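1. A predicted structure for the sequence below; I have some questions about it.
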Amino acid sequence: MHGTGIIFLCVLILFKKGYYFIMFRIFVINPGSSSLKVAFFEGHEQIWSVTKRHNPEKIRSFLNVYDQISFRMAAIDEVIAEKGLDFSEVDAIACRGGFCKPLESGTYTINEELLDDLKYARWGEHAANISPFCGKILSERYRKPAFYTDPVSVDEFMPESYVTGIPGMRRICKVHALNHKAVTRYAAQELGKSYEQCNFVVAHMGGGISVAAHRKGRMVDTCNPAEEGPLCIDRPGQLPNLKLLDYIFTSGKSHDELYRQLSTGCGILAYTGLSDLIAIEELAAADPDIALLLNAMSYRVAFYILGYMAAFEGEPIDAVILTGGMAKSDWIVPAVTKRIEPFAKILIYKGEFEMEALAEGAIRVLSGKEKAKEY
């Protein structure tokens, strides 16, 4: 083979593995309930990142998330000014997707149908709903494309995954899709494969815990941490139905009070008054009752991981992936891995990779590796 042919072959191989020779520059925005994360990437490298903490009283003063847009844009513009960012050097804007209708995994353009659904919170209210509006404003101001990738409503369930024991009640797929999809791509690359060639079970362990089966590039089943799954730091996980029914009718609490309790007031927090895992682990070292809570949570994570292996119908899995903030824990990780290591290879990706995933989603479109999808 001639030298030019060898060079072309090497370039092709590197491109397929995710390396790009045009250094795309991406501006990333990711609003949270009380904060704003903004970052700038050159290719896969994060050049800088800023987190703005918002005054909780100011956030509570807004009637809904949509009304926060001007306030959040002011914070974004503040970061742009502080960093002296010249948008002529930016190739695209990447936004966190909000609570929108069920859709396939991928990177999407921002259109009016999406914005209309987010404005009226038709699929749920969340701070992330602001992000595409801010992306649209920046896109029109600087004439740069804006994208969002793998919102929480990514739905690739196999038919069996929707079915419950009550006609008319279907399971829904709301999960940490952005981080799930990011770490599965990283793991596939680490194994020398593509995501579409791999079978993974992923446990995202943060404030909420979601475990999912990823079969040949699709997330075919998962547990919505707001409704089911393992015991979490501030959520109850799966509960005994009849005991829950009794509790609802004897608690004396309103629908809204019960909703808030089940959303953010249960789990280990309800036993300890704490939501910080480090503080909980420190107490658990001397208190066997609190240690039992951590061990119970770890057991339930392992329980769901092993249960989702059934989704592969006997096919071997490439790895179990542990990720999220609790993947940094010297208590939780060993307690989970000892239960699953006889059955699968374990890969650990500590923390969350939301900002990286948003930038990489935009890069895949700009490079031509993927085509942007329409909502």
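-> Received the coordinates, thanks. Numbering: from 1, shown residues only.
2. I'd like to know which elements the biggest helix by length in the chain is packed against.
-> Counting residues, the longest helix found in the chain (DSSP state H) is helix 288-308. Here helix 288-308 touches strand 199-205, strand 209-215, helix 267-272, helix 277-284, helix 332-340, going by 3 or more C-beta pairs under 8 Å, 6 or more residues apart in numbering; DSSP states H and E. No exception for glycine: its C-beta is placed from N, CA and C like everyone else's.
3. tell me which residues in the shortest one are buried?
-> Pointing back at helix 267-272 there. 267-269, 272 (16 or more other C-beta atoms under 10 Å).
4. Same question for the first one.
-> Judged by neighbour count (16+ other C-beta under 10 Å), strand 199-205 contains these buried residues: 199-205.
5. Reformat the helices and strands packed on helix 288-308 as TSV; add distance to Glu190 and mean pLDDT.
-> Converted to TSV, the helices and strands packed on helix 288-308 look like this (distance: least, C-beta to C-beta, whole Å; pLDDT from 0 to 100):
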stretch	distance to Glu190	mean pLDDT
strand 199-205	11	98
strand 209-215	15	97
helix 267-272	32	96
helix 277-284	26	97
helix 332-340	17	98
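6. Tabulate these (CSV), appending distance to Asn129.
-> CSV is the format used below for these (distance: least, C-beta to C-beta, whole Å):
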stretch, distance to Asn129
strand 199-205, 21
strand 209-215, 20
helix 267-272, 25
helix 277-284, 28
helix 332-340, 31
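7. out of those, nearest to His126?
-> For these, distance to His126 was read as C-beta to C-beta. The smallest value, 15.2 Å, belongs to strand 209-215.
8. And the contacts of the closest one?
-> 158, 175-176, 180, 184, 195, 198-204, 219-225, 229-230, 232, 237, 297, 301, 304-305, 308-309, 311-312, 315, 324, 326 (C-beta atoms under 8 Å, 6 or more residues apart in numbering).
9. please redo it, this time with the cut-off set to 6 Å
-> Contacts to strand 209-215, defined as C-beta atoms under 6 Å, 6 or more residues apart in numbering, come from residues 175-176, 180, 184, 199-204, 219-223, 225, 229-230, 232, 304-305, 308, 311-312.
10. Next, the residue nearest the centre of the chain: phi, psi?
-> The residue lying closest to the centre of the chain (C-alpha atoms, centre = their mean) is His176, at 2.8 Å. Backbone torsions of His176, given as degrees, to the nearest 10, read phi -70, psi 60.
11. next one: His126
-> According to degrees, to the nearest 10, His126 has phi -160, psi 150.
12. Need phi/psi at the residue lying closest to it once chain neighbours are set aside.
-> Using C-beta to C-beta, 6 or more residues apart in numbering and skipping residues adjacent in sequence, the residue nearest His126 is Phe99, 4.8 Å away. Torsion angles at Phe99 (phi, psi; degrees, to the nearest 10) stand at phi -80, psi 100.
13. Can you verify my assumption that Phe99 contacts Ala121?
-> No. Using C-beta atoms under 6 Å, Phe99 is not in contact with Ala121, being 7.0 Å away.
14. So these two - more neighbours on which side?
-> Legend: neighbour count by other C-beta atoms under 10 Å for Phe99 and Ala121, higher for Phe99 (20 against 15).
15. Could I get the full set of strands for the stretch 1-150 of the chain?
-> Along the stretch 1-150 of the chain, counting by DSSP state E, counting those that start in this stretch, strands occupy 25-31, 35-42, 45-53, 92-96, 107-109, 146-149.
16. Minimum distance to Ser139: which of those strands has it?
-> That would be strand 146-149 among the strands of the stretch 1-150 of the chain, by C-beta to C-beta, at 3.9 Å.
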